[in-house]
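Asks: The sequence and its predicted three-dimensional model are supplied below.
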Amino acid sequence: MSLFLTTVSVEEAIRAARTLATPLPSEELPLSAAYGRILAADIRADIDIPGFNRSSVDGYAVRSRDTAGASETMPAILGLSGHVAMGDSGYRNLLPDRCLYVPTGGAVPDGADAVVMVEHTESIGGDILVKKPAATGDNVVARGEDFRAGSVILSGGTRISPREIAALAATGTTTVPVVTRPRVGIVSTGNELIPVEDIPSGNQVRDSNSWMCGAFLIEQGCIPEYYGITGDDRTLLREVLGKALSRCNAVIVSGGSSKDDRDMTADLIREAGEVLVHGIALTPGKPTIIGRANGIPVLGLPGHPASAFVVLLVIARPLLSRMTGQKDQELVTKSFVLGENIPSARGREDYVRVRISEGKVYPEFGKSGLVNTLIRSDGLSRVPSGVEGLEEGDRVEVILW
Ligand code: AMP
Ligand code: MG
């Protein structure tokens with residue numbers, strides 16, 4: 001067996017990862033619990049919303065043609081027919097040359113097609129002087145203008161933010177169909193790893209990847225399940241992996257993903273399934289495994305924390321979004337001018353941690369085993385595989401943290 005990994009492009013790796021993911025079933029949740037979840041189906045408006053022509057100001061409902069040519073000096077004089085109270089649905093028909101007081105949110109009566117703001121009127125005796133002409137539709141939210149009965153207001157795959165909650169509430173969606181959250185197991189492997197509460201001695205390293213992966217999974221709408229630390233021991237790892245596979249929808253194994261006689265993750269995946277990718281033309285993140293065991297997707301991350309994070313972002317994210325049912329989303333990037341050269345090798349995609357200072361981007365070079373670059377940097381800049389680095393003054397896209 002070769003000691004070197006055969007790498008595939010980032011694009012191929014993402015494609016492979018996505019083929020492994022199977023969408024999860026949906027569940028129904030009360031509106032109060034739907035925040036942050038992914039809609040499992042399209043949502044339609046039950047009725048026209050608003051269900052009546054609604055005034056958006058305090059003012060007088062008028063027939064706009066009765067106000068034609070009105071001005072400060074030559075106001076239109078309209079007889080006041082009464083007041084509409086909030087919640088009042090007695091849509092009185094407005095007669096010509098008359099008006100009706102309507103508060104903000106009140107129903108505009110039949111016959112009226114506009115509302116003149118109180119500020120543009122004067123009340124004299126039983127009459128209202130309108131000092132500004134109104135056009136059809138002025139200050140009126142028409143019936144069904146917000147949402148038409150039966151129309152799709154939100155499509156399946158949408159992440160439910162407070163804004164979507166408003167739309168769901170407005171359309172009477174008390175029970176929301178959402179995609180079940182995938183349970184994703186996390187296993188950290190390495191003889192040198194110790195729990196975070198312990199103090200390292202000798203060559204020991206605290207397991208930070210389990211917790212980084214867990215937080216990332218929560219961010220992606222998954223439920224992390226922690227399977228702790230396993231030494232570089234084939235039998236133990238097989239046992240823990242088996243347990244995780246039996247309970248989870250996907251498993252992430254951190255560490256032990258390169259080709260080394262201690263790195264048995266790929267072998268164990270192969271025993272229970274297949275390895276689709278072992279090695280990606282990606283820096284950092286080359287020793288990555290994408291496979292399936294017992295029908296469950298398994299991702300093997302390199303142990304170096306910064307490498308692991310890049311693989312989570314670039315490879316795990318598209319795989320997980322297929323499982324969570326979230327619509328494909330490009331990573332949000334922002335364009336900046338590069339303040340310093342970034343060298344890179346052709347044929348691999350580089351994700352460089354960068355810092356932003358005075359509107360310019362600077363690479364935060366540091367070994368991928370260092371956690372400090374993850375918190376010192378503001379984001380990642382991608383150097384495409386076809387170029388030999390980027391030069392000072394180039395415009396670059398930054399995936400901001
Ligand atoms: P490996 O991918 O197993 O060859 O590990 C590469 C480097 O990452 C080594 O220096 C490990 O000590 C470190 N490492 C591996 N797993 C973790 C982890 N869970 N948390 C922090 N560092 C780790
Ligand atoms: Mg290791």
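Replies: Sure thing, it's come through. Ligands and ions are numbered 1, 2, ... in the order given.

Asks: Which residue ranges of the stretch 301-401 of the chain form helices?
Replies: Secondary structure of the stretch 301-401 of the chain (DSSP state H, counting those that start in this stretch): helices at 305-311, 317-324, 372-376.

Asks: Where in this structure is the helix or strand with the lowest mean pLDDT?
Replies: Least confident helix or strand, the chain: helix 372-376 with a mean of 91, by mean pLDDT, DSSP states H and E.

Asks: So which bits of the stretch 51-200 of the chain are right by ligand 1?
Replies: Neighbours of ligand 1 within the stretch 51-200 of the chain, by C-beta under 6 Å from any ligand atom: 188, 190, 192, 193. For the C-beta atoms, the positions are set from N, CA and C on the backbone; glycine is no exception.

Asks: Would you mind giving those residues as TSV with pLDDT added?
Replies: Output for those, formatted as TSV (pLDDT from 0 to 100):
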residue	pLDDT
188	98
190	95
192	97
193	98
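
Asks: which of these sit farthest apart?
Replies: Of all pairs drawn from those, the one with the longest distance (C-beta to C-beta) is 188 and 192, at 10.7 Å.

Asks: Near ligand 2, which residues of the protein are found?
Replies: 190, 255, 256 (C-beta under 5 Å from the ion).

Asks: Closest to residue 317 out of the residues you listed?
Replies: Looking across the residues of the chain next to ligand 2 and measuring by C-beta to C-beta, the closest to residue 317 is residue 255, at 19.9 Å.

Asks: Now do the contacts for that closest one.
Replies: Residues near residue 255 by C-beta atoms under 8 Å, 6 or more residues apart in numbering: 188, 189, 190, 193, 209, 265, 301, 302, 303.

Asks: Point me to the helix or strand that includes residue 199.
Replies: Following DSSP states H and E, there is no helix or strand that holds residue 199.

Asks: Neighbours of it, how many?
Replies: By other C-beta atoms under 10 Å, the residues close to residue 199 number 7.

Asks: pLDDT value on it, please?
Replies: On the pLDDT scale, residue 199 is placed at 97.

Asks: Over to residue 19?
Replies: For residue 19, pLDDT reads 96.

Asks: Can you tell me the SS state at it?
Replies: The assignment at residue 19 comes out as helix when based on DSSP: H, G, I helix; E, B strand; the rest coil.

Asks: Just give the closest residue to it, not the sequence neighbours.
Replies: residue 276 (7.7 Å; C-beta to C-beta, 6 or more residues apart in numbering).

Asks: Checking my notes, that neighbour in a helix, right?
Replies: No - judged by three-state DSSP, residue 276 forms no part of a helix; its state is strand.

Asks: my read: it touches residue 288, true?
Replies: No - contact status for residue 276 versus residue 288: not in contact, 11.0 Å apart, counting by C-beta atoms under 8 Å.

Asks: between those two, who's got more neighbours?
Replies: residue 288 (29 against 19).

Asks: Isn't that one up against residue 300?
Replies: Yes - counting by C-beta under 8 Å, residue 288 does reach residue 300; the two are 6.4 Å apart.

Asks: any common contacting residues for those two?
Replies: Common neighbours of residue 288 and residue 300 (C-beta under 8 Å, 6+ apart) are 257, 278.

Asks: Where do the strands of the stretch 1-150 of the chain begin and end?
Replies: Using DSSP state E, counting those that start in this stretch, the strands found in the stretch 1-150 of the chain span residues 26-30, 43-44, 54-55, 59-62, 76-83, 98-102, 114-117, 121-124, 127-130, 140-141.

Asks: what about the ones you listed, which gets the closest to residue 344?
Replies: Within these, the stretch nearest residue 344 is strand 26-30; the backing value is 43.1 Å (C-beta to C-beta).

Asks: buried ones in the helix ranked longest in the chain?
Replies: Looking across the chain with DSSP state H, the single longest helix is helix 234-247. Within helix 234-247, the residues that qualify as buried are 237, 238, 240, 241, 244, 245, counting by 16 or more other C-beta atoms under 10 Å.
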